[in-house]
Structures are given as structure tokens and as C-alpha cells.
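Colleague: Show me how the following folds:
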Amino acid sequence: MDPGGGCPHADNARLLAAGAAVTPVVLPGEVAGMAVLGHDALREFLAHPDVAKGAEHFTALREGEIADGWPLKTFATVQGMTTADDADHRRLRSLVSKAFTARRVEELRPRIETVTEQLLDALADAAAHGDGVADLRRHFALPLPMGVICELLGVDAEHQDRLHHLSNQIVATDIGPEEAMAANREMVAVLSAVAAGRMENPGDDLTSALIAAREEDGDRLSPQELLGTLMLMIIAGHETTLNLITNAVRALCGHREQLELVLSGKAGWGDAVEETLRWDSPVSYFPFRYPTRDLELAGTVIPKGTPVLAGYSAAGRDTASHGPDAARFDVTRGARGAGARHLSLGHGPHYCLGAPLARMEATIALERLFTRFPELDLAVPESELPRHASFVGNSVHRLPVRLSRAPKERG
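Modeller: You can find the predicted model right below:
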């Protein structure tokens, strides 16, 4: 795996064309792992009863072969839903799921719409002061989901920029051991301060609810589980939606005929969101799952205890499941029933709890953005956009856009 990240699609296509639905990979630090790339193989793997998330199943980690500063260690060792199995997973998920019921998510709609409009004003102001160009990722795609998840958790606005920076550090795969450990220490410190504040002054927010929550048997989150859950919510609660909005804008700007289908009502904004999730998944390769026995998948044996990456970006363009035109962005694909349903928000018991919220945020964001600025377009060629320095997140680091095209461009 390239620690510097980059666009994954060419390598994915090459491997899938060679029949590598499951392939060995070398992780940073020369750690041996595997990746599941094929759609059908990934769907089976994500729900397989002999696949676990707990770090005790990671053989190399258990045997002391993984250094403390390994950039992917947090994915394996953070205590929370993403590293819990069976009863522990159900307990943690039940405590958090109360904040993500359909009713609670729908109650957030007016607030999301208000914040979206405010951010569009800020985007227009940034463009006015930038010779007509503004970074859509910085001024719109980031503050929307970050503001919503922090409001949901009761995190003060003063922490948001720092938490985003630390999130980037934690999901980066190209940083050194000292940077990785420092980012984790600071993230824990910031979230500990947030939790302490909520313990002293509880509010109508998820952090306060998690602190107070008790199941019928009297169980509650341990301090480590609380911090791990908050870290998960902060990172997953904004990074995924940030990438989703950014990738959707890039896709629609690069396929104006598809944008016109949505603007004319021949396809919905929700269709654009789903096709973006399939075609350019916000997460490329997500760490980790571990077979609890030697597991044969798509004709390849994954040895027990191997760290396995879930290759969402590859599965989304797998021609075996999505058809020969899987590499084409087509917002009518879902309505036509073409190909399998994407897996970009997971599958099985660890399916993304925040999926309804992410879909709502992205749908509102795209509809309001292109309704207000229907001529919005990239200010630089797609090939010049700087990519994330991570093979986990799949997006670009900046997205310069013009909110309106010059008269000569309108033709």
C-alpha cells in the first residue's frame, strides 16, 4: 500500500481485471496484510461469522511485532464499536444508536438546512475575496458535517478546527511514529476535556447521554470506551461526509450531463449521492478485520489473524457486480436497477450507524449548492487537485471552484 495515498481506481481496476478479488498487501512498516476488493467477496467478508474486529485477533500485534508509532495502530486498538465484537459490540452500538434513529436524524433537518445556507453565504463571500475562486472543501464541505457532529456531541466550536486536524493525522498513512503518537495523545486530551465538561455540566447532547446511559443490567461505557466512541464519532462523523460531498461535487462538475439530469428533475439529488458513494467511495481501504480461522474467500486463503483492509473503492467499480460500465458515473443507475447495491457504508453488523445522517447532509448540501450556483465548476483541472495522503480516506485535499463561469465559457 502506498502510504502517500493517491487515486486508487487504476490499481483497483488492474487487480480486479486480473481476478484478484482478494489480494495480499504490504502495509506501512512492512506489515503483511490482505485486502478484499471484489464486491461479492467484500459483502461476504463483512458479514462472515468467522471474521472479527477485536485487536486480540491481530496476530502480529498480539505477538509484539507492531511498533507503538505504527500509523494504523489506532484503527486496531481504539476502544469502541469499530473494534468490538458480539455482545460488546451490541452493547456499545445500542448506547449510541439512540442518537441516530430515523426520528432523531429527521429532527436535525431544519438545523442542517440553516447551516447549509449560512455556509453558502460564506462560500460566496470567500469567492468574492478570492478573484471568484473559493476552496469548497474548506468553506463548505468541511464545516457542514463537522459542525453537525460537534453540535450533536456537545463539542464547543473552539475545538472544531483542532479536532479536524487531529482526525487528518490519525487517518493519515504517511506520517512518522512520533507524529502519530502525538496526534493520538492530543486527541485523547481534547476529548477528555470535552467529556469532563459534560460530566460537570450535562446538556442535551450525545456525550452527556453516553455518560449517563445505563442499560437494563446497569452497564455503562468505561472511560476508555467513552473516549474511543467520541473519537470514532468525530472522525467518522465528519471525514466520511466531507469526502462524500467533495467527491460528489467533483463528479457532477466533471460530468455536466449528469448534473443537468438532476437539475432538470430527471434524477434526484439522492441518486447523485448514491452514485458517488459507489463510483468514488469516501473511504478507499478501511482497516481492520481479522479472520478467526484460516478463511477461504473468492478462492484465496486469508490466514487466521491477518489484518484485512475492506476495499470499498474497488468494490464500487467491480464490473462483475456493477456491469461493464462500472467505471462510468451515471446518476440514473440506481433507478434503472443496474448492478448491485454499493457497500460504501458497510454491510453486516458493523453497517454505518450514521448512514442516514450522512445521506441527509450530502443530499441537502448538493441540492442547495447547485440550486444557488448552477454554473459552479472546478477552477483547476481534476488532475491538478492534490490527493489525500492516506489510502484510508479517498478524496482531494482542496477543491478550488468558481461559482459562476465567465461569459465566454457559457458559449
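Colleague: show me where pLDDT drops low in the stretch 301-411 of the chain?
Modeller: 405-411 (pLDDT under 70).
Colleague: where do the helices sit along it?
Modeller: 312-316, 319-322, 355-372, 407-410 (DSSP state H, counting those that start in this stretch).
Colleague: just checking, what packs against the first one?
Modeller: In other words, helix 312-316. Under the contact criterion of 3 or more Cβ pairs under 8 Å, 6 or more residues apart in numbering; DSSP states H and E, helix 312-316 touches helix 9-17, helix 39-46, helix 269-279, strand 285-291. C-beta: built from backbone N, CA, C; applies to glycine.
Colleague: Present the helices of the stretch 301-411 of the chain as TSV; the columns should include mean neighbour count.
Modeller: Below are the helices of the stretch 301-411 of the chain laid out as TSV (neighbours: other Cβ atoms under 10 Å):
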stretch	mean neighbour count
helix 312-316	28
helix 319-322	18
helix 355-372	21
helix 407-410	8
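Colleague: These: which one's closest to A379?
Modeller: For A379, the closest of the helices of the stretch 301-411 of the chain is helix 407-410, at 11.7 Å, according to Cβ to Cβ.
Colleague: Turn the helices of the stretch 301-411 of the chain into TSV, columns for distance to V148.
Modeller: Converted to TSV, the helices of the stretch 301-411 of the chain look like this (distance: least, Cβ to Cβ, whole Å):
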stretch	distance to V148
helix 312-316	23
helix 319-322	31
helix 355-372	6
helix 407-410	34
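Colleague: For the helices and strands packed on helix 312-316, give me JSON lines that also has mean pLDDT.
Modeller: Below are the helices and strands packed on helix 312-316 laid out as JSON lines (pLDDT from 0 to 100):
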{"stretch": "helix 9-17", "mean pLDDT": "94"}
{"stretch": "helix 39-46", "mean pLDDT": "98"}
{"stretch": "helix 269-279", "mean pLDDT": "97"}
{"stretch": "strand 285-291", "mean pLDDT": "96"}
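Colleague: Now mean neighbour count too, for those, in CSV please.
Modeller: Below are these laid out as CSV (neighbours: other Cβ under 10 Å):
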stretch, mean neighbour count
helix 9-17, 16
helix 39-46, 22
helix 269-279, 24
strand 285-291, 24
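Colleague: wait, which of the ones you listed is closest to R336?
Modeller: Nearest to R336, of all the helices and strands packed on helix 312-316, is helix 269-279, at 10.2 Å by Cβ to Cβ.
Colleague: helices or strands up against the closest one?
Modeller: Going by 3+ Cβ pairs under 8 Å, 6+ apart, helix 269-279 lies up against helix 223-254, helix 256-263, helix 312-316, helix 355-372.
Colleague: Please repeat the previous calculation with a cut-off of 7 Å.
Modeller: helix 223-254, helix 355-372 (3 or more Cβ pairs under 7 Å, 6 or more residues apart in numbering; DSSP states H and E).
Colleague: With distance to R341 as extra columns, can I get these in CSV?
Modeller: As requested, these are arranged in CSV below (distance: least, Cβ to Cβ, whole Å):
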stretch, distance to R341
helix 223-254, 16
helix 355-372, 12
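Colleague: To G80, which of the ones you listed lies closest?
Modeller: Proximity to G80 (Cβ to Cβ) singles out helix 223-254 among the helices and strands packed on helix 269-279, at 3.5 Å.
Colleague: so what secondary structure elements neighbour that closest one?
Modeller: Secondary-structure packing of helix 223-254 (3+ Cβ pairs under 7 Å, 6+ apart): helix 86-97, helix 143-153, helix 160-171, helix 177-200, helix 206-212, helix 269-279, helix 355-372.
Colleague: quick one: buried residues of it?
Modeller: Of all the residues in helix 223-254, those buried under the rule 16 or more other Cβ atoms under 10 Å are 225-253.
Colleague: follow-up on the earlier one: so which of the helices and strands packed on helix 312-316 comes closest to T300?
Modeller: helix 39-46 (8.5 Å).
Colleague: Report the angle between the closest one and strand 285-291.
Modeller: Helix 39-46 and strand 285-291 meet at an angle of 60 degrees, taking axes from the mean of the first three to the mean of the last three Cα atoms, to 10 degrees as the criterion.
Colleague: which other helices and strands contact helix 39-46?
Modeller: With contacts taken as 3+ Cβ pairs under 7 Å, 6+ apart, helix 39-46 sits against strand 295-297, strand 308-311, helix 319-322.
Colleague: Enumerate every residue touching the residue nearest to G323 when sequence neighbours are not counted.
Modeller: Nearest residue to G323, sequence neighbours excluded (Cβ to Cβ, 6 or more residues apart in numbering): G339, at 4.9 Å. By Cβ atoms under 7 Å, 6 or more residues apart in numbering, the residues touching G339 are 321-323, 326, 333.
Colleague: Pick out whichever of these sits closest to Q258.
Modeller: Nearest to Q258 out of those is R333 (Cβ to Cβ; 10.2 Å).
Colleague: gap between the residue lying closest to that closest one once chain neighbours are set aside and E117?
Modeller: Setting aside the residues directly before and after it, R333 is nearest to E275 in space (Cβ to Cβ, 6+ apart), at 5.8 Å. From E275 across to E117, the span is 25 Å (Cβ to Cβ, to the nearest Å).
Colleague: Equivalent analysis for L37, please.
Modeller: To E117, L37 is 40 Å away according to Cβ to Cβ.
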